[in-house]
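> Provided below for reference: sequence and predicted model.
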Protein chains: 2
Amino acid sequence: MNLEVVEQALQANKTLVAFVSCTVSYSGRAETFLEEGDRLIIIKADNTVIIHQPEGNNPVNYMKPGSSVSVEQTDEGVIIHVLHEKEKAWLDITISKIHNMMSEKLVDGQKMELAGNEKDMSDYIRDNPTVIAADFTPYSREEHTDVGFIDVFGKDKNGAVVIECKRVTASLSAVDQLRRYVERVAAIKGTANITGIVAAPAITPNAAKMLASYNLTFVSVEPPKRLERWKKHQKSLGEF
Amino acid sequence: MNLEVVEQALQANKTLVAFVSCTVSYSGRAETFLEEGDRLIIIKADNTVIIHQPEGNNPVNYMKPGSSVSVEQTDEGVIIHVLHEKEKAWLDITISKIHNMMSEKLVDGQKMELAGNEKDMSDYIRDNPTVIAADFTPYSREEHTDVGFIDVFGKDKNGAVVIECKRVTASLSAVDQLRRYVERVAAIKGTANITGIVAAPAITPNAAKMLASYNLTFVSVEPPKRLERWKKHQKSLGEF
DNA sequence: TCGGATAGGCGCCCA
DNA sequence: TGGGCGCTTATCCGA
């Protein structure tokens, strides 16, 4: 271990990664402790600190950007102190052994482009209203009320239509949301004659049952672009 | 770059990290693309793949455990292909330059201990029922119904009591949940006389209004142990 | 900053 | 395996 290496890397706005044996203590929104073991530590230039165990997708501990990082040499080993004043949180990494480490100044101004989220889906419904019903006319997206905002709001021949979109299988909470909006619109319009629709690729059985009990309906809508590139990819694999 | 180094690391159940310049393509539940820039790539022994940009808490792209990883040398550079058959997802990392890399076999059988989550809070309510009401008697936690499970279920002098816990400020969705459970219990018991309580440190104004409109109530409960170690830490800092 | 909702959410538990 | 839901959720967006 070399304190100077760590401190120089941090000073130079580098990203530092280290394989270490360590224990981890965290206190903030909750409190955690992790016994000794081998982990990967990442310290970014913005003082984000991330600790990964050897398996799994998620970090076991982390501190968000804007922390302050300091390093201390003690009898127990090297301790990395991370403090986030604003969040009243701190993290201590007590390192008994550094197996390997490296640091690098990384330059990256790019932002990830993403397609296929729920906004794309409500856009798709607005632009292709017949996927809901032949006589459906959308008015607005993200209509705000004091009980939340309605994904797609419009009308059909019977009156107002409230649509809650989900890009994945709709669950009980989707029915909750829809019911909340429909009741609000009914209260505003002074009529119980509102059509409420969950638009999603599928719905769970319990949610479907609950939906029906409130005279709300489900319309199956696939999120746009889903799996297109996957299928293309599979096809190209098949050509080998 | 050295394909063999990467492949040997993966074969040997090592965790591999690399600073690279790359582009990233993903297709699965959505589709993403990330233009050329410097990133940190992590490939774990379980074939978890994580890509971090130089700043921020969260990975920009990832593939969950259980993927298959292969490496290919092309004219454009080295491509790391990650495929998750089951999830019908794939990720390609096209690397123009490797700045630095290292790998290590990590051994870690530990599991993080956590205090201060919602389970601790409902335990606390069960063990200290007077924080809800003087005459409250808890029966069970995680009582299952077909519309979800009730955090804490019990009785008071008026009848059944349903409690929904939140460790942070309760929102509209917490009221939704509680209402859903209360209605279900009322239907089962055949009575409308059910007491429904949101137990949380705070509640948003709109949620409070909605709660009141359904004759449900809010009880302020702090999640246990919150900030205790923070305060101790601050005190010890103050002693310097 | 707060409130509300989505997320390529993830991960855990339980039927 | 799917449903339901919490999460040190994070992140985005609008008021």
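Perfect, I can see it now.

> Chain A against DNA strand D: which residues are in contact?
Taking C-beta under 7 Å from any atom of the strand, the part of chain A that reaches DNA strand D is made up of A:26, A:28-30, A:32, A:60-64, A:89, A:91, A:142, A:144, A:169, A:171-173, A:204-207. Every C-beta, even on glycine, is put in place using the N, C-alpha and C of the backbone.

> so of the residues you listed, which ones are in helices?
Counted as lying in helices by DSSP state H, out of the residues of chain A next to DNA strand D, are A:Leu172, A:Ser173, A:Pro205, A:Asn206, A:Ala207.

> Based on its surroundings, how many neighbours for the second one?
Counted by other C-beta atoms under 10 Å in any protein chain shown, the residues lying close to A:Ser173 total 16.

> measure it to A:Pro54 for me?
A:Ser173 is 35 Å from A:Pro54, where distance means C-beta to C-beta, to the nearest Å.

> so what's A:Phe33 closest to, chain neighbours aside?
B:Glu113 (4.9 Å; C-beta to C-beta, 6 or more residues apart in numbering or on different chains).

> let me redo that: A:Asn57
Nearest residue to A:Asn57, sequence neighbours excluded (C-beta to C-beta, 6+ apart): B:Lys64, at 4.9 Å.

> again with A:Lys44
Spatial nearest neighbour of A:Lys44, excluding adjacent residues (C-beta to C-beta, 6+ apart): A:Thr15 at 5.1 Å.

> In this structure that neighbour contacts A:Met102, no?
No: using C-beta atoms under 8 Å, A:Thr15 makes no contact with A:Met102, being 9.3 Å away.

> In terms of neighbours, single out the busier of those two.
Between A:Thr15 and A:Met102, A:Thr15 has the larger neighbour count (other C-beta under 10 Å), namely 25 against 19.

> what domains does the record give for chain A?
A:3-104, A:118-229 (automatic domain parsing).

> out of the ones you listed, nearest to B:Val82?
Proximity to B:Val82 (C-beta to C-beta) singles out domain A:3-104 among the domains of chain A, at 12.4 Å.

> do you know how far the residue nearest to the spatial centre of chain A is from chain B?
The centre of chain A sits closest to A:Asn117, judged by C-alpha atoms, centre = their mean, with a distance of 11.4 Å. A:Asn117 sits at a distance of 6 Å from chain B (criterion: C-beta to the nearest C-beta, to the nearest Å).

> ditto for A:Ile98
11 Å.

> I'd like the C-alpha coordinates of the strand of greatest length in chain A written as CSV, please.
When chain A is scanned for its longest strand (criterion: DSSP state E), the result is strand A:89-104. Output of strand A:89-104 as CSV, limited to C-alpha atoms (Å, rounded to 0.1, in the frame of the first residue of the first chain):
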residue,chain,number,x,y,z
ALA,A,89,-23.6,9.8,5.9
TRP,A,90,-20.2,8.3,6.3
LEU,A,91,-18.4,5.2,5.1
ASP,A,92,-15.2,3.7,6.4
ILE,A,93,-13.2,1.2,4.5
THR,A,94,-10.6,-0.5,6.7
ILE,A,95,-8.1,-2.2,4.5
SER,A,96,-5.9,-5.0,5.7
LYS,A,97,-4.2,-5.7,2.4
ILE,A,98,-4.1,-4.1,-1.1
HIS,A,99,-3.8,-6.8,-3.7
ASN,A,100,-3.5,-4.5,-6.7
MET,A,101,-4.5,-1.0,-7.7
MET,A,102,-4.4,1.4,-10.6
SER,A,103,-5.6,4.8,-11.5
GLU,A,104,-6.3,6.7,-14.7
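
> Determine the angle, from 0 to 180 degrees, between it and strand B:89-104.
Inter-element angle recorded for strand A:89-104 and strand B:89-104: 80 degrees (by axes from the mean of the first three to the mean of the last three C-alpha atoms, to 10 degrees).

> Show me what secondary structure element comes after strand A:89-104.
Moving toward the C-terminus from strand A:89-104, the next helix or strand (DSSP states H and E) is strand A:113-115.

> Downstream of that following strand, the next helix or strand is which one?
As assigned by DSSP H and E, the chain's next helix or strand after strand A:113-115 is helix A:118-127.

> Most proximal residue of chain A with respect to DNA strand D?
Taking C-beta to the nearest atom of the strand, DNA strand D has its nearest neighbour within chain A at A:Asn206, 2.8 Å off.

> follow-up on the earlier one: parallel or antiparallel, list what pairs with the longest strand of chain A.
strand A:15-27 (antiparallel), strand A:78-84 (antiparallel) (DSSP bridges).

> Show me what counts as buried in stretch A:129-148.
The neighbour-count check on stretch A:129-148 (16 or more other C-beta atoms under 10 Å in any protein chain shown) flags A:Pro129, A:Ile132, A:Ala133, A:Phe136, A:Pro138, A:Arg141, A:Glu143, A:Thr145, A:Val147, A:Gly148 as buried.
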